[in-house]
Every structure is written in C-alpha cells, then in structure tokens.
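[1] how would this look folded up:
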Amino acid sequence: MGQRNKQVQTLMATAALGVGLLLQGAPAAVAQPVPGEATAAAPDTSVESARSSHVEGIVVSRVTLHVRARATTSSQVLGALEPSEKVKLSCQAKGSSVEGNNIWYRLHGEPGWVSARFVHNYTPVRWC
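    Residues are numbered from 1 along each chain as shown. Have a look, this model is predicted:
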C-alpha cells in the first residue's frame, strides 16, 4: 500500500510540474473593472512626481552607519543610522569610494549623505 501511495505522489508532482511549465509563458489574468463601480486612481508616474518623491532603503551595515555632510568619507559626521533602519533616499551621486562602491545617497527630509555600499534601495534612485 505504501509503494502505491508513493507512486501516486510522484505522478501528481510530475503532473503539477508539467502544468507549471506549460503555464510559464501564459499571460497573467487581469481583472476587468465592473461598469458603474468606482475605481482607484492610477498612481502618478510623471517625471515631476518622480522628482519630488523619495525611495525607501534599509541600512545593511553590521554596525552604525555614519551620515555625512558630503558624499565623502572625510566629511563631517552629522549623525548615524542603525543596522536594519529604514531610510528615505532623495537622490544619488558619485563620491569617495567605500569598499569599491563610489555611489552615495542623499537622505530625504534631513541633511546628510550615506554610502550606497551599506544601504539597499528597493527601487532605483534618481541621480541628483
């Protein structure tokens, strides 16, 4: 009886894999709006909107990350961010290299720059 169950499980797993492979190239289903129902407004994706917005990131350093006055390792330290802290990023610029990465992020809503080497951005950051 146990051998039969194992064969059935193997057959089902193979069939599921085959269906998954067949559907891999199929277009995703898209919900169509119902006539007469209110729909949510589409997000503003204009260039002007992108310029005024910010990008979220997270500090990925293992120790406290210095916030600096300029995009250099030799500029004044203005503050610090803790590991795993979420940050808002305004834009990116080239600065001094930190472990081979010369990109720095300007913080949104507060003065200062942080090295991109230690901040993971979830979406692309515009250039300053």
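
[2] helices and strands around the longest strand along the chain, which ones?
    In terms of residue count, the longest strand belonging to the chain (DSSP state E) is strand 86-98. Strand 86-98 sits against strand 55-59, strand 101-107, strand 113-115, strand 119-121, with contacts defined as 3 or more CB pairs under 8 Å, 6 or more residues apart in numbering; DSSP states H and E. In this view, the C-beta of every residue, glycine as well, is placed from N, C-alpha and C.

[3] repeat the analysis, applying 6 Å as the threshold.
    For strand 86-98, the packing partners by 3 or more CB pairs under 6 Å, 6 or more residues apart in numbering; DSSP states H and E come out as strand 55-59, strand 101-107.

[4] for S84, find the nearest of these.
    Proximity to S84 (CB to CB) singles out strand 55-59 among those, at 6.3 Å.

[5] re earlier: who's in contact with the longest strand of the chain?
    Residues from elsewhere that reach strand 86-98, judged by CB atoms under 6 Å, 6 or more residues apart in numbering: 54-55, 57-58, 71-73, 102-106, 108-109, 115, 117, 125-128.

[6] swap in stretch 65-74?
    In contact with stretch 65-74 (CB under 6 Å, 6+ apart) are residues 59, 75-81, 93, 95-96, 104, 112-114, 118.
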